[in-house]
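Undergrad: Pasting the sequence and the predicted coordinates here, then a few questions.
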Amino acid sequence: MTTTQAFSSIDKASGDTLSPISVPDRLLLGPGPSNSHPNVLKALALQPVGHLDPFYIQLMAEVQDLLRTAWQTKNRLTLPMSGTGSAAMEATIANIVEPEDTVLVGIKGYFGHRLADMASRYKANVKTIEKRWGEAFSLNELEIALKEIKPSVLALVHAETSTGVCQPMDGIGDLCRKYNCLLILDTVTSLGGVPLLIDEWKIDLAYSCSQKGLSCPPGLGPFTMNERAEEKLNNRQGKVPNWYLDVSLLNKYWGSDRVYHHTAPVNMNFGMREALRLLLEEGLEASWNRHRSNAEALWQGLENLGLKLHVDARFRLPTLTTVQIPEGVDGKAFSSHLLNNHGIEIGGGLGSLGGKVWRIGLMGYNSKMENVNKILEIFKTELSKFQS
Ligand SMILES: Cc1ncc(COP(=O)(O)O)c(C=O)c1O
């Protein structure tokens, strides 16, 4: 007779049972994930269908179309990668970077470093230009670098979640065409929440995530590439060195052939469809305006309390605000207090901003005046208790 052993704390024999999962109530006002829209949660809880079911294939086409509108692009190769934002980030690099290609990365925060690291793993000749964390690149700075370095790819982060800076994009796409390089844009913290016009801005490749402006849980990484980028992909010398993220293979599933590639996370795509439907029902511009007006109310409220914002008003990102931790305040203790006593998550600083700022996110479903008032009230009444 076979006897089974308990390798976990669920041990029927002894009568011990682990209780079914129950998740604490949290208001996620950090750098992401943000809370999901209740309708998205309902969509996620539906029974899965097969990943080649005609119903699902129709849904895939709808998700692609909705994503094109959300990104304002006609790009044929627009699809959600099965994975988080980093998977979609890696997909942009993996598909168009060949060994020895010169890739220029504009680094002005944590995620610029991640792009440079990824490009180096695909054996690119990586060059970087850097700005202080909290600043954006000027067109002139980018032009000088493009002229001197002559990269085949420029990679930039539109919305730097580590600093709260929104990179102005006017003219950058034209510069990249002038200097004959492709432009990759990280839109992880901008899609849905901040004006973003992929075709008009001449962005060649972009990626994002599901868990911020789209009000879904983490798990999908929207990806798009235009014909210029496709041409580079088609002219590669060797195979894309990443099987899972190879867009030419993925497109046989997402395009007309519908050939199995991997088992799609079908429920995540149910959620994505609902999230995008809700975004477009509200209206893209209405969503951008909502994010901006709620962020402005937060900025004003924090300044009225005597707090300093880390980023100059011209470059502030509506989805993510960095607030300087005042002298003598234990920033970590305050954010732990918010979580433990109010169920509210805010973020701390990353990298060179570690211990210096808090990061407050108002993204997607969570960008509401009610949440602005809630967080401002706690700062007003409770921050002084953390001052030494
Ligand atoms: C700007 C930016 N890029 C990339 C990523 C990576 O996305 P993920 O954590 O979903 O893999 C993040 C994550 O927050 C981000 O903020």
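TA: It's in. This is a predicted model, so every value here is computed, not measured. Numbers count the residues shown, from 1 in each chain.
Undergrad: Next, please give the residue ranges for the strands of the stretch 201-350 of the chain.
TA: According to DSSP state E, counting those that start in this stretch, the stretch 201-350 of the chain carries its strands in the segments 205-207, 220-225, 320-324, 344-345, 347-348.
Undergrad: chain center to the very next helix or strand once past the last one, what's the gap?
TA: Pointing back at strand 347-348 there. The element immediately downstream of strand 347-348 (helix or strand, assigned by DSSP states H and E) is strand 357-361. Averaged C-alpha coordinates place strand 357-361 at 16 Å from its chain's average position (C-alpha atoms, centre = their mean, to the nearest Å).
Undergrad: any idea how far residue 65 is from residue 187?
TA: 18 Å (C-beta to C-beta, to the nearest Å). For every residue, glycine as well, the C-beta is placed using N, CA and C.
Undergrad: These two: which has the busier surroundings?
TA: Between residue 65 and residue 187, counted using other C-beta atoms under 10 Å, the more crowded position is residue 187 (27 against 13).
Undergrad: tell me the contacts of that one?
TA: Contacts were defined as C-beta atoms under 8 Å, 6 or more residues apart in numbering; by that measure residue 187 touches 71, 158-159, 196, 206-208.
Undergrad: Same list, the strands of the stretch 201-350 of the chain, but as CSV with mean neighbour count and distance to the ligand please.
TA: Formatted as CSV, the entries for those read as follows, by neighbours: other C-beta atoms under 10 Å; distance: least, C-beta to the nearest ligand atom, whole Å:
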stretch, mean neighbour count, distance to the ligand
strand 205-207, 28, 8
strand 220-225, 28, 7
strand 320-324, 25, 8
strand 344-345, 20, 14
strand 347-348, 20, 10
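Undergrad: other SSEs contacting the longest helix seen in the chain?
TA: The single longest helix within the chain, with elements called by DSSP state H, is helix 284-304. Where contact means 3 or more C-beta pairs under 8 Å, 6 or more residues apart in numbering; DSSP states H and E, helix 284-304 is packed against strand 320-324, helix 369-382.
Undergrad: try 6 Å
TA: helix 369-382 (3 or more C-beta pairs under 6 Å, 6 or more residues apart in numbering; DSSP states H and E).
Undergrad: what's next to the helix it packs on, contact-wise?
TA: By C-beta atoms under 6 Å, 6 or more residues apart in numbering, the surrounding residues in contact with helix 369-382 are 29, 294, 297-298, 301, 305.
Undergrad: ok so, going back, make a markdown table out of the contacts of residue 187 and add pLDDT.
TA: Compiled in a markdown table, these are given as follows (pLDDT from 0 to 100):
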| residue | pLDDT |
| --- | --- |
| 71 | 98 |
| 158 | 98 |
| 159 | 98 |
| 196 | 98 |
| 206 | 99 |
| 207 | 98 |
| 208 | 98 |
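Undergrad: Keep only those of those residues that are in helices.
TA: Taking DSSP H, the ones among the contacts of residue 187 that sit in helices are residue 71.
Undergrad: of all the contacts of residue 187, which comes closest to residue 276?
TA: For residue 276, the closest of the contacts of residue 187 turns out to be residue 71, at 10.3 Å, with distances computed as C-beta to C-beta.
Undergrad: got the contact list for the closest one?
TA: So residue 71 contacts 198, 224 (C-beta under 6 Å, 6+ apart).
Undergrad: From residue 214, how far off is it?
TA: Taking C-beta to C-beta as the criterion, residue 71 is separated from residue 214 by 11 Å.
Undergrad: Could you tell me which residues touch both of those two?
TA: Common neighbours of residue 71 and residue 214, counting by C-beta under 6 Å, 6+ apart, are absent.
Undergrad: so which of the strands of the stretch 201-350 of the chain gets nearest residue 95?
TA: Smallest distance to residue 95 across these (C-beta to C-beta): 7.1 Å, for strand 220-225.
Undergrad: Okay, now the sheet partners of the closest one, with direction.
TA: The sheet places strand 220-225 alongside strand 77-82 (antiparallel), strand 205-207 (antiparallel), with pairing taken from DSSP bridges.
Undergrad: Look at residue 141 and say how many residues are nearby.
TA: The local packing count at residue 141 equals 13, with neighbours defined by other C-beta under 10 Å.
Undergrad: Could you check how far it is from the ligand?
TA: If you measure residue 141 against the ligand using C-beta to the nearest ligand atom, to the nearest Å, the figure is 20 Å.
Undergrad: ok, residues contacting whatever helix or strand that residue lives in?
TA: Secondary-structure assignment from DSSP H and E places residue 141 in helix 139-149. For helix 139-149, the external contacting residues (C-beta under 6 Å, 6+ apart) are 104, 127, 129, 171, 175, 179.
Undergrad: Most neighbours of all these, which one?
TA: The most crowded member of these, judged by other C-beta under 10 Å, is residue 104 (27 neighbours).
Undergrad: Start and end of stretch 352-362, how far apart?
TA: In stretch 352-362, first residue to last residue: 23 Å (C-alpha to C-alpha, to the nearest Å).
Undergrad: Sort out which residues of it are buried, please.
TA: Of the residues in stretch 352-362, 353, 356-362 count as buried by neighbour count, 16 or more other C-beta atoms under 10 Å.
Undergrad: what do you get for stretch 217-237?
TA: Residues of stretch 217-237 classed as buried under the neighbour-count rule (16+ other C-beta under 10 Å) are 217-226, 228-230, 232-233.
Undergrad: what's residue 310 sitting at in phi/psi?
TA: When quoted as degrees, to the nearest 10, the phi and psi of residue 310 stand at phi -80, psi -30.
Undergrad: one step back: got the buried residues for the helix holding residue 141?
TA: 142, 145-146, 149.
Undergrad: and the closest residue in space to residue 316 that isn't next to it in sequence, what is it in contact with?
TA: Beyond its immediate neighbours in the sequence, the residue positioned closest to residue 316 (C-beta to C-beta, 6 or more residues apart in numbering) is residue 164, lying 6.4 Å away. Neighbouring residues of residue 164 by C-beta under 6 Å, 6+ apart: 311, 317, 320-322.
Undergrad: Distance of residue 164 relative to residue 313?
TA: When distance is defined by C-beta to C-beta, residue 164 is 11 Å away from residue 313.
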